[in-house]
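Peer 1: need a structure here:
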Amino acid sequence: MPVAKDQLITASPVQISSFLPFTRTLLTDRQAQPTPTYQPRTKAAPVQNLNQLRTVLNSDARLLILDLEFFQVGQQRHISQLAGRLYDQPVSFNYYFYHDQQSGNRQLQFLRRYDVPLSQAPHFTIKHQLPRVVALVDQLAPDYIVSWDNHLDFKALQAAADRQCLSKNRRFWNTVQSLDLEQLIAQQVWQGQKTLGLKKMCQLLNLPAVEFHKAHNDVKAIEWLMKFYARDLGRELL
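Peer 2: This is a model prediction of the structure:
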């Protein structure tokens, strides 16, 4: 049965909220599921200024907001959480990943928090879950992937995909038009200077406070910023 509107399943490291029919399938990992047929799409036009952004935000384009969180071991960065949210729609997902290079305490916290036996922990590694994330994004069929400073996120996804030899035409961060909101605001608002962080930007615009640096919260904050820039501010100030 689909999950209620905008309500996350909190007792699992894989959390999905939607009315869409694939919800239950994606949450059931014990049985093999058929791989969906990949349908290549024409890449949307890039968004190069705030006027174009407002036009896209007020169109019927599908925008998937994406955010990742990491932990670091030595010089290597590993994905610990990946969350996504369709702009202005009650569809979201949130993945927490188990990794055997996390500290013993972090591994134990993961197993206890989600009541996962150690024998089942490999089901929740990025290696096991990334193909399911890719299948989910394929079904959501976004026109844009929106993020706040996507450089590290896309680099980490690319490395994970390389380790699994994932087909290049399935790597949505390459095949779907990306929209880096942080970069766009830096160019258009701060005249090319480095912009504020996501938290400070939201505070500056008096947007709702969340616990930042958690992917499922950051995608909400990015959505609030998008809704702010979807408005015709010049007309509203007249």
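Peer 1: middle-most residue in the chain, spatially?
Peer 2: residue 66 (2.2 Å; C-alpha atoms, centre = their mean).
Peer 1: skip ahead from the worst-scoring helix or strand of the chain on mean pLDDT and say which helix or strand is next.
Peer 2: Ranking every helix and strand in the chain by mean pLDDT, DSSP states H and E puts helix 23-27 at the bottom, with a mean of 37. Sequence order places helix 50-57 as the next helix or strand after helix 23-27, per DSSP states H and E.
Peer 1: may I see the buried residues of whichever helix or strand comes after that next one?
Peer 2: Going down the chain from helix 50-57, the next helix or strand is strand 63-73, by DSSP H and E. By 16 or more other C-beta atoms under 10 Å, the buried positions in strand 63-73 come out as 63-69, 71. No exception for glycine: its C-beta is placed from N, CA and C like everyone else's.
Peer 1: and for residue 153, the neighbour number?
Peer 2: Around residue 153 there are 23 other residues, counting by other C-beta atoms under 10 Å.
Peer 1: A strand includes it, no?
Peer 2: No - under DSSP: H, G, I helix; E, B strand; the rest coil, residue 153 falls outside any strand and is assigned helix.
Peer 1: so which residues of the protein form helices?
Peer 2: Taking DSSP state H, the helices of the chain run over residues 23-27, 50-57, 104-113, 126-140, 151-164, 172-175, 181-188, 198-204, 215-230, 233-237.
Peer 1: tell me what the shortest one is packed against?
Peer 2: For helix 172-175, the contact count by 3 or more C-beta pairs under 8 Å, 6 or more residues apart in numbering; DSSP states H and E identifies helix 126-140, helix 151-164 as packing neighbours.
Peer 1: which parts of the shortest one are buried?
Peer 2: The one in question is helix 151-164. Of all the residues in helix 151-164, those buried under the rule 16+ other C-beta under 10 Å are 153-154, 156-157, 160-161.
Peer 1: quick check, nearest of those to residue 223?
Peer 2: Set against residue 223, the nearest of those by C-beta to C-beta is residue 153 (16.4 Å).
Peer 1: so that closest one makes contact with residue 65?
Peer 2: No - with contact defined as C-beta atoms under 8 Å, residue 153 does not count as touching residue 65 (11.6 Å).
Peer 1: find the residues that touch each one of those two.
Peer 2: residue 147 (C-beta atoms under 8 Å, 6 or more residues apart in numbering).
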